[in-house]
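Student: Please work out how this folds:
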Amino acid sequence: VIIEGMRKLEYRGYDSAGVAVLTGSEMGVVKRAGRIDRLTAALEDERLSGPLGIGHTRWATHGPPTDENAHPHRDCSGRLAIVHNGIIENHDVLRARLAREGHNFSSETDTEIVAHLIESIISSRVCSLRDAVLAAIDELEGSFALVCVSAAEPDVIVVARQEPPIIVGTTETSGLVASDIPALLSYTRDIVPLDNHQVAEVRAGEIRVFGFDGIEATPEVAHVE
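Tutor: Next up is the predicted model:
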């Protein structure tokens with residue numbers, strides 16, 4: 001499902017690709033610099049299968065296009081994974097603070113700091129993934145389309161939009177997220193394009209939308225002919 005969606009968005013261009021899938025109690029990750037075919041070859045050797053996953057094709061901004069810098073990125077526990085379009089402008093400040101807290105980083109990207117920031121918030125506040133994302137975006141400067149998954153909440157995908165697009169949808173058996181409509185059309189033609197400054201919780205058969213202030217809003221469904 002994830003690879004098919006990524007192939008439908010290849011027209012956007014990219015220099016690396018990766019996937020994270022919930023396998024047991026943590027998010028298994030396989031990622032490679034280069035084309036999706038390099039990723040699928042790697043997945044033949046390290047097959048990932050599970051009920052929850054995300055994938056990403058990246059244009060390098062912070063850090064060169066290497067296997068390590070490809071998305072998705074995980075937190076220290078390996079139980080939380082995120083992908084991100086956009087630029088986190090204050091990533092250096094956040095990285096330094098999180099390093100002082102004891103977080104270890106495995107890439108040069110601005111994106112990885114968001115995974116560790118969410119981890120830090122969850123551990124200090126003992127809150128849900130949605131509430132942790134809402135708290136994290138209060139600290140982020142820049143533009144971002146964030147997609148977050150956690151082994152602790154295997155039935156939900158949490159997304160946040162500040163400028164770059166996010167499209168969400170559901171069926172009776174799945175919740176779906178993408179950066180553009182074509183990736184979802186094999187599964188549903190009723191989609192919800194998130195407005196700017198919105199967060200969504202996406203589950204099978206359910207989409208809940210919130211403002212950055214945490215106030216719930218009514219999802220605006222569009223039918224694609």
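Student: Can you measure across stretch 83-103, start residue to end residue?
Tutor: Using Cα to Cα, to the nearest Å, the end-to-end distance of stretch 83-103 comes to 19 Å.
Student: what mean pLDDT would you report for that stretch?
Tutor: For stretch 83-103, the mean pLDDT works out to 96.
Student: Can you tell me the SS state at the residue nearest to Lys8 when sequence neighbours are not counted?
Tutor: Spatial nearest neighbour of Lys8, chain neighbours left out: Pro182 (4.5 Å); criterion: Cβ to Cβ, 6 or more residues apart in numbering. For every residue, glycine as well, the C-beta is placed using N, CA and C. At Pro182 the chain is in helix, as set by DSSP: H, G, I helix; E, B strand; the rest coil.
Student: Surely Pro182 touches Leu9?
Tutor: Yes. Proximity of Pro182 to Leu9 meets the contact threshold set by Cβ atoms under 8 Å, at 6.8 Å.
Student: separation between Leu134 and Gln198?
Tutor: 11 Å (Cβ to Cβ, to the nearest Å).
Student: Need the overlap of contacts for those two.
Tutor: In terms of Cβ atoms under 8 Å, 6 or more residues apart in numbering, Leu134 and Gln198 are both contacted by the residues 160, 210, 212.
Student: element containing the residue positioned nearest the centre of the chain, please.
Tutor: Closest to where the C-alpha atoms of the chain average out (Cα atoms, centre = their mean) is Val147, at 2.4 Å. Assigned by DSSP states H and E, Val147 falls within strand 142-150.
Student: Pro182 and Leu9: who's more crowded?
Tutor: Remark: of Pro182 and Leu9, Leu9 carries more neighbours, 19 against 14, as counted by other Cβ atoms under 10 Å.
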